[in-house]
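1. Need coordinates for the below:
(chains A, B and C)
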Amino acid sequence: MKRLMNRHPGSIGRVFLTLLPFLLVVLAYAIASDIRLSENPSDKLLPSLTSIGSAVERMAFEPSKRSGDYLLWVDTLASLQRLAWGVGISALLGLVVGIANGVIPYVRANLSPFVTALSLIPPMAILPILFIVFGLGELSKVVLIVVGTAPFIIRDLQSRVLEIPSEQLIKAQTLGASTWQVILRVVLPQILPRLLDAVRLSLGASWLFLIAAEAIAATDGLGYRIFLVRRYLAMDVILPYVAWITLLAFIMDYALRKVSIKLYPWFHGLSKQGTAA
Amino acid sequence: MKKNSFTHVLSLFPKLLALTLVIGLAAPSPALAKDKFRVAWSIYVGWMPWGYGDNAGIVKKWADKYDIEIEVVQINDYVESINQYTAGAFDGCVMTNMDALTIPAASGVDSTALIVGDFSNGNDAVILKGKPSLKDIAGQKINLVELSVSHYLLARALESVGLAEKDVTVVNTSDADMVSAYATAGVTAVTTWNPLVSEILAMPNSHKVFDSSQIPGEIIDMMVVNTKTLAENPKLGKALTGAWYEIMSVMSGTDEAGIAARTAMADASGTDLAGYNAQLASTLMFYQPAEAVKFVNSDALPATMKNVAAFSFDHGLLGEGAQDANFIGIETPAGVVGDNGNIKLRFDPSYMKMAADGKL
Amino acid sequence: MSFIEAKALWKEYGDNTVLERVSVSVEEGEFITIVGASGCGKTTFLKMLLGIETPSRGELLLNGRPLPDEPDSDRGIVFQKYSVFPHLTTLENVLIAKEFPKAGLTGRLFGKRRKAALAEATEALQAVGLEHALDKFPAELSGGMQQRLAIAQSLINQPKILLLDEPFGALDPGIRADMHQLTLELWRKTGITVFMITHDLTEGFYLGTRLWVFDKVRDDPHSPDAYGATITYDIPVGECDHRTLQKLEGSLGGDKENTEQRQQDEQVTTV
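-> Prediction:
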């Protein structure tokens, strides 16, 4: 008998074990919902799976009575646009400032403590300031995501740049490279896969800030809808929205990982053809 | 073989999980004749007396009198407090007439308005930046807490000048951020409640173009309790009502005790006595139980609730099961609004009547 | 005038004297191997040659002029590890060395110039026996192959000086012997001046035309950092007898086992 730590499930067993907790949660939910509904048929706290299903149909596949929009898709598009802008700007800032901090001592002395201080500010605490400076529109939502995630990405990338062995930077100089060329050909390509990692890690926070921003002032978006229907306890809408957000976040994480493997095989210990080295 | 024993163990999990969920979420309506009760309140001019009454020991005094325990819990998030009540975590909760209809009643939790404390008489207002007339609101973006009484007030305001909601754009904005939102250049119109209204009106170029004194008695603040709990525990109704009117008699006084009570409430709501008095001025408090009984008994109440139900139905607040605004029955002394067979919200003046008759 | 000349060179960090009174001159084409106990300043000396450390006192001259105080393409370097770029394939690692001096803002060559550079890089890789691994990332190469690549990369721009910092220290003895052959071959072909730090005395004797030993001549037991090391032996290789070797071993603090191991290595090397 092998030790437990050395025993691995087969491929069918693996699928089964993966799905099991999800199925259990659905099952447990169905049971609890059934119990509550048998006591109070109008209970909204744990709606039945069928009423969740009809809420999904209503939100995703029927035009809204008030606006004629397909709400789930309108909300998703609005949220994803904000998220893309926020994360995109954060990533770009992280890349530029992180590399400059990491490579150029004068910039590091100038900016590094400032970025550290910035990263320690709880973004939600400065919301009123953000509103007054950036207004209540799309900009302030994007800025909240940027304020919430950029300092983390900058600090992470700065330390990743500093982790590049100094031997490599010296080597590049002995091959005749200028500072710019070292950044462009040695540092940047090695930092890009780490940027993807940092973005993946900050996605959770990005969603958090996105939803917070949408809860505070918005006319559409996934967070907006959840906080709006919370007003009348429409769990039949909230639950599928939460599941949808989770799925979107999972897909993004997966896609970023695949992109990283495709573009930077060396970073994952793979050969140029993508096979294990 | 290995797998079998493994799956056997796993097969226990759904039961355990279900059990946890049932205990955690499905806590059914309160059990029979319990003697410990919890009520929730949140900060608002008309509800501050609950916090004061708790601190001053008035609630405890009345609970002791009826040999029960009442825990008064302050919840910072108003909607969350109603959701908690609806889910069964509280036996009673303060809320407006509209939220009582759209949250607990629409969720099938039969609720009774035990104490009608006040109605908003100018506390809720539509404010425009730089425009003096309500008619100027057409085409504007209006920041408000969507689906709240502010939204209702806006709908009534628009009606009064022959406009409809489609003539404006509603931007859902958290009440916590309303004042800073108004300070930004992009925001030109808000609908909100006090103390935010007075904060915003203090800013230059702000015009109050409509307020709740123009629809008196339509935005009602009340203590709502679970109907079943109340039926099984009349003591709870008596203790809460008795405590409330003792607090009312203290705070309405012009003597030192009255000033001290109002100062304590002002402190707790983050303002000073003058600020709190100003808010009280735009609130019609029913200091005397007889006034409240008269208000509840009037014909105006079912008319108001009909309006509220129509607004709620138009905005989808009565739930998917609702085919029309009459889906939920609302019982008032002057008659039932909506479906007689599905009464979920009751205005019951009997406890306030006892207070008026000195029978508590 | 000598090619490289150190005049009364000192290096101190605060109270810690690392090197003192190093005066030496080197002619073009010499192969200098440097040995010494750890912490005796041989790496500091190499760093000064590289331009990433500056002398505290004294002068270090190249053709009579002070060495530039930052790395440049006159001085190639191969470290024990991290010498190649992990994100580039073997071919790209050498190509980039051709691109840096010639390309401007883009850091890349295009068209005909790229083709010429690629041909040159391929040829250089053939010379070190890596023509079959052009498309591989460094992580896919063995330690010896990585060092071959590092050497090819360092030499392609024809620097005047090649600095080797324990380049073969992490390699297996058999591989090391191959590397010795390759190094000598390239040195003879290019006529480059080589400075090589090694912990392996026999390797030093085998490869170099001249062997330096760094050691402290003065020592204060109460203040071990007060005095620095200097070149205590400067031996034209070939004038080494058994007794000198033993004396050197003693000054390096090497024990008997180490010596035997080195002698075994030596046998492998000379097979």
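
2. what residue of chain A is the furthest out?
-> Relative to the mean C-alpha coordinate of chain A, counting by Cα atoms, centre = their mean, the farthest residue is A:Met1 (42.6 Å).

3. State the pLDDT value of it.
-> At A:Met1 the predicted local distance difference test score is 82.

4. Quick check: the gap between it and chain C.
-> When Cβ to the nearest Cβ, to the nearest Å is the yardstick, A:Met1 and chain C sit 37 Å from each other. For the C-beta atoms, the positions are set from N, CA and C on the backbone; glycine is no exception.

5. Residues of the stretch 101-250 of chain B that sit close to chain A?
-> Taking Cβ under 8 Å from any Cβ of the partner chain, the part of the stretch 101-250 of chain B that reaches chain A is made up of B:102-103, B:106-109, B:143, B:145-148, B:169-174, B:176-177, B:180-181, B:183-187.

6. Could you do chain C as well?
-> Residues of chain C found near chain A, taking Cβ under 8 Å from any Cβ as the criterion, are C:50, C:52, C:70-73, C:75-77, C:79, C:81-89, C:96-97, C:99-101, C:103, C:105-108, C:135-140, C:150, C:153-154, C:157, C:159.

7. Among these, name the buried ones.
-> Burial by neighbour count, 16 or more other Cβ atoms under 10 Å in any protein chain shown: within the residues of chain C next to chain A this picks out C:50, C:52, C:71, C:73, C:75-77, C:79, C:81-89, C:96-97, C:99-100, C:103, C:107-108, C:136-138, C:140, C:150, C:153-154, C:157, C:159.

8. Can you report how many residues lie near A:Trp266?
-> Burial measure for A:Trp266: 22 neighbouring residues, criterion other Cβ atoms under 10 Å in any protein chain shown.

9. Next up, the contacts around A:Val87.
-> Residues touching A:Val87, when contacts are defined by Cβ atoms under 8 Å, 6 or more residues apart in numbering or on different chains, comprise A:Ile145, A:Thr149, A:Val199, A:Ser202, A:Leu203, A:Ser206.

10. Just give me the neighbour total for the closest residue to the fourth one other than its chain neighbours.
-> What sits nearest to A:Ser202 in space, not counting adjacent residues and going by Cβ to Cβ, 6 or more residues apart in numbering or on different chains, is A:Thr149, at 4.3 Å. A:Thr149 has 29 neighbours, counted by other Cβ under 10 Å.

11. ok, A:Thr149 to C:Cys40 distance?
-> Distance check for A:Thr149 against C:Cys40: by Cβ to Cβ, to the nearest Å, it reads 49 Å.

12. Also B:Asp255?
-> B:Asp255 is 93 Å from C:Cys40, by Cβ to Cβ.

13. Can you tell me the SS state at the residue in the stretch 101-250 of chain C that chain B sits nearest to?
-> Residue nearest to chain B within the stretch 101-250 of chain C (Cβ to the nearest Cβ): C:Ala139, separated by 38.6 Å. Three-state call for C:Ala139 (DSSP: H, G, I helix; E, B strand; the rest coil): helix.

14. Do I have it right that it meets C:His87?
-> No: in this structure, C:Ala139 sits apart from C:His87 without contact. The criterion is Cβ atoms under 8 Å, and the distance is 10.0 Å.

15. Can you give me every residue that contacts the residue nearest to B:Asp35 when sequence neighbours are not counted?
-> The spatial neighbour of B:Asp35 that comes closest, neighbours along the chain excluded (Cβ to Cβ, 6+ apart), is B:Ile68 at 4.6 Å. For B:Ile68, the contacting residues are B:Asp35, B:Lys36, B:Phe37, B:Asn233, B:Lys235, B:Leu236, B:Ala239, by Cβ under 8 Å, 6+ apart.

16. In which helix or strand does the third one reside?
-> Taking DSSP states H and E as the criterion, B:Phe37 maps to strand B:36-41.

17. ok, now the fifth one?
-> Here B:Lys235 is covered by helix B:234-251, with elements defined by DSSP H and E.

18. Next, the angle from that helix to strand B:36-41.
-> Regarding helix B:234-251 and strand B:36-41, their directions subtend 40 degrees when assessed with axes from the mean of the first three to the mean of the last three Cα atoms, to 10 degrees.

19. Can you pick out the ones from the buried ones among the residues of chain C next to chain A that are in helices?
-> Among those, the residues falling in helices (DSSP state H) are C:Leu50, C:Ile96, C:Ala97, C:Glu99, C:Phe100, C:Ala150, C:Gln153, C:Ser154.

20. now, the most widely separated pair of those?
-> The most widely separated members of those, counting by Cβ to Cβ, are C:Leu50 and C:Glu99 (21.7 Å).

21. And the residue of the stretch 151-271 of chain C closest to chain A?
-> Nearest to chain A in the stretch 151-271 of chain C, going by Cβ to the nearest Cβ, is C:Asn157, at a distance of 6.2 Å.

22. Let me see the contact set for that residue.
-> For C:Asn157, the set of contacting residues under the criterion of Cβ under 8 Å, 6+ apart consists of A:Leu175, A:Gly176, C:Ser73, C:Gly76, C:Ala97, C:Lys98, C:Pro101.

23. Show the pLDDT at it.
-> At C:Asn157, pLDDT is 88.

24. per-domain residue ranges of chain B.
-> Dividing chain B into domains by automatic domain parsing, as the record does, gives the ranges B:36-119+B:219-356, B:124-214.

25. now swap in chain A and tell me
-> Described in terms of automatic domain parsing, the domain architecture of chain A consists of the residue ranges A:8-46, A:61-263.
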